[in-house]
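Colleague: Need a 3D model of the sequence below.
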Amino acid sequence: MELELRHLKTIRAIAEAGSLTRAATVLGLAQPALSAQLRRIERALGGILFERGRHGVRTTALGELVLERTRIVLPAVSELQREATRFARSQGEGAGERLRLGGTHGPLLGALVDRLADAAPGTAVTTCASWSERELAEMLNEGRLDFALSGTCGSSPPPESPHLVWEEIAVDPVFVMLADGHRLAHGREIELAALADEGWACVPGDGCFADCFTAACARAGFTPRRMYETDTASCVHLVQVGRAVGLCRATFPPTPGLAIRPLNGTPLLWRHLLGWHPAGQRPGTAATVLAQAREAHAGAAARSDSYAHWLAERRPTPAGGAAPVTAPVTASGTGSISRGQGVG
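Modeller: Prediction:
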């Protein structure tokens with residue numbers, strides 16, 4: 001029997017699990033089948049890799065040697081596969097070129113697809129949505145996505161990857177969604193402390209937004225009494241029927257039954273990011289997608305009456321005096337997303 005990569009993965013799984021029973025569960029095999037496979041691998045390598053005992057398995061000297069090589073070979077093969085995928089992708093296919101876009105919830109992904117249809121009509125665009133920016137980063141690293149629309153709470157860093165490029169699209173304040181019959185729905189800006197007795201709704205994420213929101217509430221003198229983490233449609237429903245108020249990006253589109261209002265003092269910010277792997281993209285393609293993403297954000301901001309009013313109040317006056325403009329900002333940067341990201 002010739003040794004294969006799957007055999008090395010089996011050896012690694014057994015060593016990491018510490019027992020054949022646990023390794024069989026991880027690998028989705030019956031234990032007798034895994035034991036038989038291990039015996040075949042050991043015959044191919046010429047010796048025993050693991051000593052069996054009452055409390056599991058322990059690697060032999062030969063096993064340690066094989067594991068040491070496995071820790072080098074498996075990552076190298078995985079990186080080879082990723083590089084080959086990116087290389088093949090970077091060669092392009094002329095009129096048959098395609099772009100695979102990923103994104104978290106919100107209006108930007110659909111708007112970007114729409115703009116690219118006009119800016120690059122010969123390009124086939126596909127999309128993939130995820131609530132996890134870490135998953136999107138992994139897909140970029142593995143060559144399964146070309147670009148990802150992600151985001152970050154304030155100035156938080158992006159998902160850790162030395163290979164990816166993250167460019168800032170814009171910075172938005174975080175607004176709140178209220179039922180249009182809510183007692184505060186007609187205010188221009190809302191004090192966070194005035195919502196101390198409310199339940200809250202937002203979509204899930206895997207970054208720091210929930211911690212940042214809790215910290216903002218603490219500064220306002222209260223602890224959120226209830227948080228519903230669910231999909232966007234459910235968040236909107238909970239707000240419309242008065243069960244919660246929602247956290248949302250300022251670009252959240254006008255929705256029947258909802259009032260979108262800014263928080264006084266802008267206690268929370270959201271930074272929109274576009275990420276890609278430079279080895280898999282031509283510079284011109286990245287520049288085009290980034291420019292169209294920024295235009296898509298500008299269009300979403302213009303369609304939001306509450307955001308347009310918020311921005312108008314912060315534009316410089318003819319005499320040169322003005323309140324500071326917090327958003328939108330379009331500049332290079334880095335960033336990451338959060339757990340409990342708000343809606344839209």
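Colleague: And the strands in the stretch 51-200 of the chain, which stretches?
Modeller: Assigned by DSSP state E, counting those that start in this stretch, the strands in the stretch 51-200 of the chain fall at 56-59, 98-103, 124-129, 147-153, 165-179, 200-202.
Colleague: and those strands as a markdown table, adding distance to residue 246?
Modeller: C-beta coordinates here come from the backbone N, C-alpha and C atoms, glycine included. Below are those laid out as a markdown table (distance: least, Cβ to Cβ, whole Å):
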| stretch | distance to residue 246 |
| --- | --- |
| strand 56-59 | 49 |
| strand 98-103 | 20 |
| strand 124-129 | 19 |
| strand 147-153 | 16 |
| strand 165-179 | 4 |
| strand 200-202 | 4 |
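Colleague: out of the ones you listed, which comes closest to residue 311?
Modeller: Closest to residue 311 of the strands of the stretch 51-200 of the chain is strand 165-179 (Cβ to Cβ; 9.6 Å).
Colleague: Any idea how far that closest one is from the middle of the chain?
Modeller: Mean C-alpha position of strand 165-179 versus that of the full chain (Cα atoms, centre = their mean, to the nearest Å) differs by 14 Å.
Colleague: And stretch 212-222, by the same measure?
Modeller: 24 Å.
Colleague: Same list (the strands of the stretch 51-200 of the chain) but as CSV, adding distance to residue 272, mean neighbour count and mean pLDDT.
Modeller: Below are the strands of the stretch 51-200 of the chain laid out as CSV (distance: least, Cβ to Cβ, whole Å; neighbours: other Cβ atoms under 10 Å; pLDDT from 0 to 100):
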stretch, distance to residue 272, mean neighbour count, mean pLDDT
strand 56-59, 48, 16, 91
strand 98-103, 10, 20, 91
strand 124-129, 15, 14, 91
strand 147-153, 5, 28, 90
strand 165-179, 4, 24, 95
strand 200-202, 17, 25, 93
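Colleague: out of the ones you listed, nearest to residue 293?
Modeller: The nearest among those, by Cβ to Cβ, is strand 165-179 at 5.0 Å.
Colleague: Put the alpha carbons of that closest one into PDB.
Modeller: Taking Å, rounded to 0.1, in the frame of the first residue of the first chain, the C-alpha atoms of strand 165-179 are listed here in PDB:
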ATOM      1  CA  VAL A 165      -5.800  43.000   1.700                       C
ATOM      2  CA  TRP A 166      -8.600  45.000   3.400                       C
ATOM      3  CA  GLU A 167      -9.700  48.300   2.000                       C
ATOM      4  CA  GLU A 168     -12.200  50.600   3.700                       C
ATOM      5  CA  ILE A 169     -15.300  51.500   1.800                       C
ATOM      6  CA  ALA A 170     -16.900  53.900   4.300                       C
ATOM      7  CA  VAL A 171     -17.700  54.500   8.000                       C
ATOM      8  CA  ASP A 172     -21.300  54.700   9.200                       C
ATOM      9  CA  PRO A 173     -22.900  55.500  12.600                       C
ATOM     10  CA  VAL A 174     -25.000  52.700  14.100                       C
ATOM     11  CA  PHE A 175     -28.600  53.700  14.300                       C
ATOM     12  CA  VAL A 176     -31.600  52.200  16.000                       C
ATOM     13  CA  MET A 177     -34.900  50.800  14.600                       C
ATOM     14  CA  LEU A 178     -38.100  51.600  16.400                       C
ATOM     15  CA  ALA A 179     -41.700  50.700  15.700                       C
END
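Colleague: ok and that strand relative to strand 147-153, angle-wise?
Modeller: Strand 165-179 and strand 147-153 are oriented at 60 degrees to each other (axes from the mean of the first three to the mean of the last three Cα atoms, to 10 degrees).
Colleague: same for strand 165-179, what does it pack against?
Modeller: With contacts taken as 3 or more Cβ pairs under 8 Å, 6 or more residues apart in numbering; DSSP states H and E, strand 165-179 sits against helix 232-240, strand 245-249, strand 258-262, strand 269-276, helix 283-302, helix 305-312.
Colleague: Just name the most buried of these.
Modeller: Looking across the helices and strands packed on strand 165-179 with neighbours counted as mean count of other Cβ atoms under 10 Å, the highest average goes to strand 245-249: a mean of 27.
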